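Colleague: dropping the sequence and predicted coords here.
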2 protein chains.
Amino acid sequence: MKPRLFTPGPTPVPEETLLELARPVMYHRAPESKAILAEVGEDLKYVFQTAQPVYTLTCSGTGGMEAAVASTLAAGEKAILCTAGRWGERWRGILKAFGVNVVAVEVPYGKAVTPEQLSNALAAHPDAKAVFATLSETSTGVGHDIEAFGKLVAKTDALLVVDGISGLAAMECRVDAWGIDVCVTGSQKALMLPPGLAFVSVSAKAWKKIDAMPPRGFYLDLRRYRTAWVEGPDTPFTPANTLIRAQRASLKRLRAEGLENLWARHARIAAACRAGVKAMGLQVFAERPNNALTVIAVPSGVDGTATLKRLEKNYGYKLADGQDKLKGKIWRLSHMGYTDAFDVIGALSALELVLLESGYKLEPGAGVAAFQRVYAGK
Amino acid sequence: MKPRLFTPGPTPVPEETLLELARPVMYHRAPESKAILAEVGEDLKYVFQTAQPVYTLTCSGTGGMEAAVASTLAAGEKAILCTAGRWGERWRGILKAFGVNVVAVEVPYGKAVTPEQLSNALAAHPDAKAVFATLSETSTGVGHDIEAFGKLVAKTDALLVVDGISGLAAMECRVDAWGIDVCVTGSQKALMLPPGLAFVSVSAKAWKKIDAMPPRGFYLDLRRYRTAWVEGPDTPFTPANTLIRAQRASLKRLRAEGLENLWARHARIAAACRAGVKAMGLQVFAERPNNALTVIAVPSGVDGTATLKRLEKNYGYKLADGQDKLKGKIWRLSHMGYTDAFDVIGALSALELVLLESGYKLEPGAGVAAFQRVYAGK
């Protein structure tokens, strides 16, 4: 059995990056370590499409999200939350923990918050200090129109804070051009590294707000990362430096492909995957699907959780189940990061087989053929 | 040139652990991942010498220290801080960031806070809610008598919170028997892993205090780790799961040696190292040295920083310089983790050579011979 990982984080890591992880550990304050940090920092600016430094935090994505909240907002301040799923709810959990007054723009799972909804919320709450949104809502497969959100928020004094954890580098996202004031991502998604690092960019507009705030917390205080970067480049606390060294290898791969080529390739794979899913008689769950993953609605009469277990046990393909109330109702198939068209064809093929074996009616080969047709542009 | 790492974190990582890091990434919510977490959890209980669960946080040691402060103390509450160096000052920085009223028991760098000093502070401040201390103060090489501190604090309602980051598993430390209420350590010291994980134990006495607190923060809130552990064993946020899998390998090595054997071996190496240093005509900087590292006072007339640079450039040995005001004044030579007697003999030999080359007067071989004599028990 050959195990294959299709969960929307962690995602497969390229072999040359894995081998970097097996190299001896370095002292994190040595000049060579600072040089690696500087190099990774430059590549991250490219990935984020920003001229601002991108800070590396040793924590998971949620730690990066908390850094964004704790550093920018005081208790009692108002924020607009665009939420379309579990990761929007993660923003809410953090905002509540920090005493922020949350105005939620909420849509049912599977739908996306529209720019019009955000526009109305901004008009109704001119005192909102920030807008929180999610680029790729991996719990449902929805993508948000962050470019449109950016245009709306830029007209106000509010900050646009985006969870780009599973979307950045899998779909178009231009931090500076779109006016994203704080953008957070993680290492274990499209950036092709194991979990353990979060990356955060901060705009000049956001720094102005942050610098007017009394300090709060310590480890996730973005000001400490700025200071260490200016004096270094360095990190304020011992970083997971073998992950950072390995990140360099994955970022080189990403640079070699080129960000726009990568976005286009992911878009092509995602479109082909959705066509394959539909040709199998299945439905795509997200109304506004994003290119990082395809979320499939489990058809009635099929046990979604048992199907995924068989898929893994019999064919080695590990897809992700729905979470919380969506458990058993959706299948989540990631195609971000170190995953190509042929990997996804294999996954659709295995899904076809396991569905056929359980008596579900479909035309063998319909899914992979449809994938192939769309991928070939025919 | 063969590079050799003697910094007091990161420390060398065993080959079998490095190779684990190069294995393909797993889904962190899979049953196999939870089984690894459970196994690592059991081994950590052994290392901490506690019957309580030990929680794994994805962050550096400072993140674990913040979790201890943020979870146990409200702003305005009083805490006694025992500080003997930079890492005691790290406690102070975090405590201040959380608005804690700090009563400092402070000694000059190179000295240790005595149990008598703590006893006096506890008598003078019966309203103190917690005592913060450092097992191994790596900035100076001092070790604290945590066992004695524990006996004093146990008589009060205060909690004993210990930074065991560079000491745990390098020197005797018994969390339950000594009455340590919150103990924090990190992956990159005696636990023989790269940086990226912190581990935290919490006593029943500490949980009582924590549960009476209003929640604060999110990512470093220890309650979330307890809930995930009880429901799992699991982590509340995506963990650095390849580090956790690799930690299993290092913990197996540690278990195979046995904790008391390991403490004894480190004590033997440390005693031999101190004898070697003295035989070279040098002074041990710490008045109450600990067994995780040896800190050497740079003799007058010698450029400490330049000597370390030559040591690395000519012989591949990477020791650590002093930090802040101790820069150039001390050399820090770690012997914790995956370092044995023969590694340390090599380091002393290289230090002898580089000192001889720079005109410093010493008897060639005096250091290594003295090491050998003490190590052999002669």
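Modeller: Happy to help now that I have it. Being a predicted model, the structure only gives us computed values, none of them experimental. Numbering: from 1, shown residues only, chains lettered A, B, ... in the order given.
Colleague: list the buried ones in the longest helix seen in chain A?
Modeller: For chain A, the longest helix by residue count, based on DSSP state H, is helix A:259-279. The neighbour-count check on helix A:259-279 (16 or more other CB atoms under 10 Å in any protein chain shown) flags A:259, A:262-263, A:265-266, A:268-279 as buried. To be clear about C-beta, it is placed using only N, CA and C from the backbone, and glycine gets the same treatment.
Colleague: quick check, A:Leu81 in a strand?
Modeller: Yes. Looking at A:Leu81 with DSSP: H, G, I helix; E, B strand; the rest coil, it is inside a strand.
Colleague: in contact with it: list those residues for me.
Modeller: Neighbouring residues of A:Leu81 by CB atoms under 8 Å, 6 or more residues apart in numbering or on different chains: A:88, A:91-92, A:95, A:102-105, A:131-132.
Colleague: give me the buried subset of those.
Modeller: So, by 16+ other CB under 10 Å, the buried ones in the contacts of A:Leu81 are A:88, A:91-92, A:95, A:102-105, A:131-132.
Colleague: and the closest residue to chain B within the stretch 51-200 of chain A, what's its pLDDT?
Modeller: Chain B sits closest to A:Gly196 of the stretch 51-200 of chain A, with a gap of 3.3 Å, by CB to the nearest CB. According to the prediction, A:Gly196 has pLDDT 98.
Colleague: same check, this time on A:Asp176
Modeller: Looking at A:Asp176, the pLDDT reads 98.
Colleague: that one contacts A:Val54, correct?
Modeller: No. At 11.6 Å, A:Asp176 does not count as touching A:Val54 under the criterion of CB atoms under 8 Å.
Colleague: neighbour count winner among those two?
Modeller: A:Val54 (23 against 16; other CB atoms under 10 Å in any protein chain shown).
Colleague: restricted to strands, list the buried ones among the contacts of A:Leu81.
Modeller: Here DSSP state E is the test, and the buried ones among the contacts of A:Leu81 give A:102-105, A:131-132 as lying in strands.
Colleague: in TSV: the residues you listed, plus distance to B:Ile345 and pLDDT.
Modeller: Output for these, formatted as TSV (distance: CB to CB, whole Å; pLDDT from 0 to 100):
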residue	distance to B:Ile345	pLDDT
A:Val102	61	98
A:Val103	66	98
A:Ala104	64	98
A:Val105	66	98
A:Val131	61	98
A:Phe132	57	98
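Colleague: export those residues to JSON lines and tack on distance to A:Ala350?
Modeller: Output for those, formatted as JSON lines (distance: CB to CB, whole Å):
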{"residue": "A:Val102", "distance to A:Ala350": "41"}
{"residue": "A:Val103", "distance to A:Ala350": "44"}
{"residue": "A:Ala104", "distance to A:Ala350": "39"}
{"residue": "A:Val105", "distance to A:Ala350": "38"}
{"residue": "A:Val131", "distance to A:Ala350": "40"}
{"residue": "A:Phe132", "distance to A:Ala350": "37"}
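Colleague: of those, closest to A:Ala30?
Modeller: For these, the residue nearest A:Ala30 by CB to CB is A:Phe132; the value is 38.0 Å.
Colleague: tell me the contacts of that closest one?
Modeller: If you count contacts by CB under 8 Å, 6+ apart, A:Phe132 has them with A:79-82, A:88, A:91, A:95, A:161-163.
Colleague: closest one to B:Ser203 out of the residues you listed, please.
Modeller: Lowest distance from B:Ser203 to those (CB to CB) belongs to A:Leu95, with 31.6 Å.
Colleague: now the closest one: closest residue in space that isn't a chain neighbour?
Modeller: Of all residues beyond its chain neighbours, the one nearest A:Leu95 is A:Val102 (5.1 Å), with distances taken as CB to CB, 6 or more residues apart in numbering or on different chains.
Colleague: rewinding a little: burial check on the residue of the stretch 51-200 of chain A closest to chain B, number of neighbours?
Modeller: By other CB under 10 Å, neighbour count at A:Gly196 equals 32.
Colleague: any idea what the residue of the stretch 251-378 of chain A found nearest chain B is bridged to?
Modeller: Proximity of the stretch 251-378 of chain A to chain B (CB to the nearest CB) peaks at A:Lys318, 5.7 Å away. Beta-bridge partners for A:Lys318, by DSSP bridges, are A:Leu5.
Colleague: up against chain B, what does the stretch 251-378 of chain A have?
Modeller: Proximity of the stretch 251-378 of chain A to chain B (CB under 8 Å from any CB of the partner chain) is limited to residues A:318, A:320.
Colleague: show me where the stretch 251-378 of chain A has its strands.
Modeller: With strands called from DSSP state E, counting those that start in this stretch, the stretch 251-378 of chain A shows them at A:283-284, A:293-297, A:317-318, A:320-321, A:330-334.
Colleague: looking at the ones you listed, which is buried most?
Modeller: strand A:293-297 (a mean of 28; mean count of other CB atoms under 10 Å in any protein chain shown).
Colleague: wait, A:Phe218 sits on B:Ile94?
Modeller: Yes. Using CB under 8 Å, A:Phe218 makes contact with B:Ile94 at a distance of 4.8 Å.
Colleague: show me how chain A divides into domains.
Modeller: Split into domains by automatic domain parsing, chain A comes to A:4-8+A:259-375, A:15-256.
Colleague: most packed of those?
Modeller: Using mean count of other CB under 10 Å, domain A:15-256 ranks as the most buried of those, with a mean of 21.
Colleague: now do the end-to-end distance for that domain.
Modeller: Domain A:15-256 has its terminal residues 16 Å apart, counting by CA to CA, to the nearest Å.
Colleague: that one: how far from the chain's middle?
Modeller: The chain centre lies 10 Å from the centre of domain A:15-256; the measure is CA atoms, centre = their mean, to the nearest Å.
Colleague: same deal with stretch A:369-378?
Modeller: That offset, for stretch A:369-378, works out to 26 Å (CA atoms, centre = their mean).
Colleague: contact partners of it?
Modeller: Residues outside stretch A:369-378 that contact it (CB under 8 Å, 6+ apart) are A:268-269, A:271-273, A:275-276, A:278-279, A:341, A:344-345, A:348.
Colleague: so which of the strands of the stretch 251-378 of chain A comes closest to B:Ala306?
Modeller: Nearest of those (CB to CB): strand A:330-334, 51.7 Å.
Colleague: partner strands of the closest one, with direction?
Modeller: Sheet pairing of strand A:330-334 (DSSP bridges) gives strand A:293-297 (antiparallel), strand A:320-321 (antiparallel).
Colleague: thinking again about what came up before, residues touching the residue of the stretch 51-200 of chain A closest to chain B, list them.
Modeller: Shown in contact with A:Gly196 (CB under 8 Å, 6+ apart): A:58-60, A:187-188, A:240, A:243, B:58, B:196, B:240, B:242-243.
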